[in-house]
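Q: I'll drop the sequence and a predicted model, then ask my questions.
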Amino acid sequence: MEQCKIANLYNLSETIAADLFEGAVYPWEVLGKIKDFIIELGNRLDSSRYEQRAENVWVAKTAKIAPTACLNGPLIIDEEAEVRHCAFIRGSAIVGKGAVVGNSTELKNVVIFNSVQVPHYNYVGDSILGYKSHMGAGSITSNVKSDKTLVVVKDGKEEIETGLKKFGAMLGDHVEVGCNSVLNPGTVVGRNTNIYPLSMVRGVIAADSIYKNSREIAAKAGR
């Protein structure tokens, strides 16, 4: 499970939440800490750069927020981010610098690194999206198993029991997810990987690969 480690998925210099990951080995270990971390960090933010719009809701003054967007705390929206019309942020969310949260996109208990795009009709819950990752229109994270059992991360014969009932997806830096794909609970996608449109993804997908389906995963040329 080496490729699932935080150090192999994320550049922590590309998020305001770097301290959240301190002491953790795997990124899903921090999912239960996001809410309290936001409240603690929000109260320390520079008031010349961030404004508190509501209880536990901090928005950078350079961020662009559509008047129809729904912002629930705890929430931090970082500088130059854009939250578009009818976006629904349910709370416990960190939206990184220059990130885009698009129309009708829903976020819940997430860390969105800098320059991430979730621009059209996305649901992202109990997930962490790395620097410059992108979810195509209609792609979603499924964060609860249909039988409601605890999520297990699986990589071939290797398994890690997370102890979590709610766990969406961990996307490494520069991951591209094609339109209308579903990332099943416990999905981990390595850095620089592309997921084909209309994919149903589960388990661990290696870095620097192209995912066409569960039986057809190719290494990127030159990798």
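A: Looks like it arrived, so ask away.

Q: Please make it C-alpha for all contacts and neighbour counts, starting now.
A: Fine.

Q: What is the burial count for Phe88?
A: 22 (other C-alpha atoms under 10 Å).

Q: What of the one 10 residues further on?
A: By the measure other C-alpha under 10 Å, the count of residues near Gly98 is 21.

Q: Next: Tyr123.
A: Residues near Tyr123, counting by other C-alpha under 10 Å, number 21.

Q: Going forward, the N-terminal residue is numbered 37.
A: I'll keep to 37 as the first residue from here, and by that count the last item is Tyr159.

Q: Pull up the gap between it and Asn145, please.
A: 11 Å (C-alpha to C-alpha, to the nearest Å).

Q: go on, Ala242?
A: Ala242 is 25 Å from Asn145, where distance means C-alpha to C-alpha.

Q: out of those two, which sits in the busier spot?
A: Taking other C-alpha under 10 Å, Ala242 and Asn145 do not tie; Asn145 has more neighbours (26 against 20).

Q: Who are the packing partners of the helix or strand encompassing that one?
A: Using DSSP states H and E, Asn145 sits within strand 142-148. Judged by 3 or more C-alpha pairs under 8 Å, 6 or more residues apart in numbering; DSSP states H and E, the packing partners of strand 142-148 are helix 70-78, strand 124-125, strand 129-131, strand 159-165.

Q: Buried residues of that strand, list them for me.
A: Judged by neighbour count using 16 or more other C-alpha atoms under 10 Å, the buried positions of strand 142-148 are Glu142, Leu143, Lys144, Asn145, Val146, Val147, Ile148.

Q: next one: phi and psi at Tyr232?
A: phi -60, psi 150 (degrees, to the nearest 10).

Q: What residues are bridge-paired with Ala205?
A: With DSSP bridges as the criterion, Ala205 is bridged to Thr223.

Q: How many residues are close by it?
A: 30.

Q: so it touches Ile164, yeah?
A: Yes - the pair Ala205 / Ile164 is scored as a contact, 6.6 Å apart, by C-alpha atoms under 8 Å.
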